[in-house]
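Enquirer: Generate a structure from the sequence data that follows.
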Amino acid sequence: VGFKGFSEEALEVMKNYFWPGNIAELKNAVERAFIVGEPPYIKTSDMALGSEGGLPSVETGEDKTLKTAVNAFKKAYVTKILEENNWNQTKAAKVLGIQRTYVIRLIDELQIRK
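Expert: Now for the predicted structure:
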């Protein structure tokens, strides 16, 4: 039994993802998903988007200002680093190359939640 297609979530993530490698990166992500994924549908996690230098998806809605995009990226990136460090703010700060107090401020300002 093979793949039937992509999950709704995977389609949405692919649509909103910033593709710095353009079609080559898309092709590689889909090929990877077919290799590591399990049928019947390719899931977002099968594609490992953002794990190889790409940027995470940035959802800005109607507000297309640079400030909104930068804040969306910051929120996604800081959240990812916190998750990778089991929400340990000291370890996350070290990875991010910033002070722990600034991590605390970012969590508050960007409304980052577990």
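Enquirer: so how far is stretch 89-106 off the chain centroid?
Expert: 19 Å (CA atoms, centre = their mean, to the nearest Å).
Enquirer: what packs against the biggest helix by length in the chain?
Expert: Counting by DSSP state H, the longest helix found in the chain is helix 66-84. In terms of contacts (3 or more CB pairs under 8 Å, 6 or more residues apart in numbering; DSSP states H and E), helix 66-84 is packed against helix 89-96, helix 100-109. Using the backbone N, CA and C atoms, a C-beta is placed for each residue, glycine as well.
Enquirer: For the shortest one, output the C-alpha coordinates as PDB.
Expert: Taking Å, rounded to 0.1, in the frame of the first residue of the first chain, the C-alpha atoms of helix 89-96 are listed here in PDB:
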ATOM      1  CA  GLN A  89      15.600  29.200  29.400                       C
ATOM      2  CA  THR A  90      19.300  29.200  30.400                       C
ATOM      3  CA  LYS A  91      20.200  26.500  27.800                       C
ATOM      4  CA  ALA A  92      18.000  28.200  25.100                       C
ATOM      5  CA  ALA A  93      19.700  31.500  25.800                       C
ATOM      6  CA  LYS A  94      23.100  29.900  25.300                       C
ATOM      7  CA  VAL A  95      22.000  28.400  22.000                       C
ATOM      8  CA  LEU A  96      20.500  31.700  20.900                       C
END
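Enquirer: Excluding chain neighbours, what is closest to K114?
Expert: W87 (6.1 Å; CB to CB, 6 or more residues apart in numbering).
Enquirer: if we can go back for a sec, mind checking the helices and strands packed on helix 66-84 for the one nearest to V78?
Expert: Nearest to V78, of all the helices and strands packed on helix 66-84, is helix 100-109, at 5.4 Å by CB to CB.
Enquirer: Just list what the closest one packs against, helices and strands only.
Expert: Packed against helix 100-109 by the contact rule (3+ CB pairs under 8 Å, 6+ apart) you find helix 66-84, helix 89-96.
Enquirer: How far away from the center of its chain is the longest one?
Expert: What that stands for is helix 66-84. 9 Å.
Enquirer: for it, which positions count as buried?
Expert: For helix 66-84, the neighbour count (16 or more other CB atoms under 10 Å) marks 71-73, 75-76, 78-79, 81-82 as buried.
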